[in-house]
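**Q** Structure here, sequence nowhere to be found:
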């Protein structure tokens, strides 16, 4: 605690107890005669300083927390309580001020708030993953139990690989080429090319985009250019005008003529569902005699994942 005398110039400290000296690291002769503002420092909030000054000028009691500094420069959070002391005629005689170091208490508060945000974020991400898995299970063909199980397994593996990539990047933005090459490299083919500039995409894009690339690659190896001996695949991408957006071009060449089932089949429907519903993008498909060109445009602003592949 300290007592200050507002009747003297600059309202100096006239009494400081030992607990105040222990808290701040100053000796008594370094404190007496000085205004309490010497405890303020570089990161003391000027708005809080203004609140203190206004309350003192208005001679009203107040309690607030202010960032103060000890003599050695270390900061501490000070729960400051100030009361004006008046004489019998109502004239202001002194200010009584008590200080309570609440630094550790504030750390606990910050940790609790951080934990709440972390749990909320983990819950949000888990819901996103489960929603994508739900879309995979719901929209995979179930005609043949064995093929159905294999399709589900492959798609979930693609999702798991994307999940690992997100975890490695701290659930922040990921380079587009890493998402694409992660899926293409799993094929291990020398007939595949991938090229484009560095484009960073939102964490929300990573898992659904990995599934899109997986689905395109699966179709290319089963029905498309990579199912034949001479077919090639080229994947190119470029930035979109919006930050985080991109345009991807998928080109298959020198493969067999595409079957009607590939033009209008389940795979095409699933791709459109993922791109238009999940990524909020656009997809255009152009079929040639022995190849396929797909253009995918994804906007840069995605504030969250909707129910994947929702109707």
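**A** Structure received. Computed from a prediction, not measured in an experiment: that's the story for all the values here.
**Q** Break down the stretch 201-311 of the chain into its helices, ranges please.
**A** Secondary structure of the stretch 201-311 of the chain (DSSP state H, counting those that start in this stretch): helices located at 203-222, 260-264, 266-272.
**Q** nearest to residue 84, of those?
**A** Residue 84 lies closest to helix 203-222 among those, at 53.8 Å (C-beta to C-beta). Heads up, the C-betas are built off the backbone N, CA and C, glycines and all.
**Q** need the helices of the stretch 201-311 of the chain in TSV with mean neighbour count, can you?
**A** Below are the helices of the stretch 201-311 of the chain laid out as TSV (neighbours: other C-beta atoms under 10 Å):
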stretch	mean neighbour count
helix 203-222	23
helix 260-264	12
helix 266-272	16
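**Q** rank these by pLDDT, which is bottom?
**A** When the helices of the stretch 201-311 of the chain are compared on average pLDDT, helix 260-264 comes out lowest at a mean of 55.
**Q** what's near enough to touch residue 59?
**A** Taking C-beta atoms under 8 Å, 6 or more residues apart in numbering as the contact definition, residue 59 lies against 84, 86, 92.
**Q** neighbours around the second one, how many?
**A** Residue 86 is surrounded by 11 other residues when neighbours are defined as other C-beta atoms under 10 Å.
**Q** likewise the last one?
**A** Residue 92: 14 surrounding residues under other C-beta under 10 Å.
**Q** Next step: the contacts of residue 59 restricted to strands.
**A** If you go by DSSP state E, the contacts of residue 59 have 84, 86, 92 in strands.
**Q** export the helices of the stretch 201-311 of the chain to JSON lines and tack on distance to residue 56?
**A** Converted to JSON lines, the helices of the stretch 201-311 of the chain look like this (distance: least, C-beta to C-beta, whole Å):
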{"stretch": "helix 203-222", "distance to residue 56": "49"}
{"stretch": "helix 260-264", "distance to residue 56": "78"}
{"stretch": "helix 266-272", "distance to residue 56": "67"}
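**Q** Could you say which one of the ones you listed comes nearest to residue 108?
**A** helix 203-222 (29.6 Å).
**Q** same for the closest one, what does it pack against?
**A** When contacts are defined as 3 or more C-beta pairs under 8 Å, 6 or more residues apart in numbering; DSSP states H and E, helix 203-222 packs onto helix 103-139, helix 145-168, helix 176-185, helix 266-272, strand 291-298.
**Q** Can you list the strands that the last one pairs with?
**A** This points to strand 291-298. Using DSSP bridges, the strands paired with strand 291-298 in its sheet are strand 246-253 (antiparallel), strand 282-288 (antiparallel).
**Q** how about CSV for these, with mean pLDDT added?
**A** Putting these into CSV (pLDDT from 0 to 100) gives the following:
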stretch, mean pLDDT
strand 246-253, 94
strand 282-288, 88
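**Q** any idea which of the ones you listed is most buried?
**A** The highest average neighbour count among the strands paired with strand 291-298, using mean count of other C-beta atoms under 10 Å, belongs to strand 246-253 at a mean of 21.
**Q** circling back: any chance of a markdown table for the helices and strands packed on helix 203-222, columns distance to residue 254?
**A** Listed next are the helices and strands packed on helix 203-222 as a markdown table, based on distance: least, C-beta to C-beta, whole Å:
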| stretch | distance to residue 254 |
| --- | --- |
| helix 103-139 | 30 |
| helix 145-168 | 25 |
| helix 176-185 | 18 |
| helix 266-272 | 21 |
| strand 291-298 | 7 |
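**Q** for those, which one sits closest to residue 16?
**A** helix 103-139 (20.0 Å).
**Q** which one of the helices and strands packed on helix 203-222 lies closest to residue 52?
**A** Nearest to residue 52 among the helices and strands packed on helix 203-222 is helix 103-139; the distance by C-beta to C-beta comes to 18.2 Å.
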